[in-house]
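Trainee: structure of the sequence below:
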Amino acid sequence: MYNVWPLDTLPPELQRPELHLLQDKGYSFDDPREVVEIFERKVAKFAGAPYAVAVDCCSHGLFLCLKYLNAQGTITIPSHTYASVPMYIQHAGCKVEFSDQDWSGCYQLAPYLLWDAAIQWRQSMYSGGLKVISFQIKKAIPIGRGGIILTDNAECATWLKMARYDGRNPHTAYTDDNIQTLGWHMYMTPEDAARGILLMDARPQDWPERNGKDFYPDLLDKKFFQHHD
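Mentor: Next up, the predicted model:
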């Protein structure tokens, strides 16, 4: 069973309020980990995707997708993007090629069917492949930190849910020895998922599309990226 706070030792005034606020709004759950699944279903329905997998940030979502795809070789992305994207491409074992391109809302990590949608948020935004959304504090749903992966592949969603959670089945107790694959510590907390649900219920749904060149600096000349010519 999931305990919100270890041994319930923290007084109420020091606990995060999101789970209680969610219950006050009429949401019901027996285990706080169910809140993550409620948030995933809510985002999937909004975006028009069959499946959604919540993670602790968009950058980690992109990394997990690259690992699932067994990505190799060179990946092409716009030079105007957030610095962690080329970093995690390299952490995944690939090289980076920057292109001078205009983009709005999302862009592809070519040649893979993988899109960085960190600054996109609109209904029915999903159109296939893997798309990763950001919930950083400046984004449409400002959880503070967090991301979600959209996919139409059930097998992919199952793998991602275990990979983000130390290779474990997320539905079993923490004390069970249920590690099934090599994974990473990149899951979204129930409290952050609850904040995401509350924000989605309270905020206007669509967000104006942002031009990437206006939103991000040019990384082309940053020497620590293994830019492929």
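
Trainee: SS state for Asp31?
Mentor: Recorded secondary structure, Asp31: coil (DSSP: H, G, I helix; E, B strand; the rest coil).

Trainee: next, count neighbours for it.
Mentor: By the measure other C-beta atoms under 10 Å, the count of residues near Asp31 is 13. C-betas here are computed from N, CA, C, even on glycine.

Trainee: and what of the one 10 residues further on?
Mentor: A total of 12 residues lie near Arg41 under the criterion other C-beta under 10 Å.

Trainee: could we number from 499 for the rest of this?
Mentor: Let's use 499 as the start, then, which means that last one is Arg539.

Trainee: check contacts around it.
Mentor: Counting by C-beta atoms under 8 Å, 6 or more residues apart in numbering, Arg539 touches Ala550.

Trainee: tell me the secondary structure at Glu595.
Mentor: Glu595 - assigned by three-state DSSP - is strand.

Trainee: who's it bridged to?
Mentor: Under the criterion DSSP bridges, Glu595 forms beta bridges with Thr574.

Trainee: can you count the residues close to it?
Mentor: Neighbour count for Glu595, taken as other C-beta under 10 Å: 18.

Trainee: middle-most residue in the protein, spatially?
Mentor: Gly645 (2.3 Å; C-alpha atoms, centre = their mean).

Trainee: and the nearest residue to that one once chain neighbours are set aside, how many neighbours?
Mentor: In this structure, Gly645 finds its nearest non-sequential neighbour in Cys556, 3.6 Å apart by C-beta to C-beta, 6 or more residues apart in numbering. As a burial measure, Cys556 scores 27 neighbours (other C-beta under 10 Å).

Trainee: surely Cys556 touches Trp613?
Mentor: No: look at Cys556 against Trp613 with C-beta atoms under 8 Å: they stay out of range, at 11.1 Å.

Trainee: and the helix or strand of the chain with the lowest mean pLDDT, how far from the chain's centre?
Mentor: In the chain, no helix or strand scores lower on mean pLDDT, DSSP states H and E than helix 710-713, which sits at a mean of 86. Centroid separation for helix 710-713 versus its chain: 21 Å, with C-alpha atoms, centre = their mean, to the nearest Å.

Trainee: buried stuff in that helix?
Mentor: Using 16 or more other C-beta atoms under 10 Å as the test for burial, helix 710-713 gives Gly710, Lys711.
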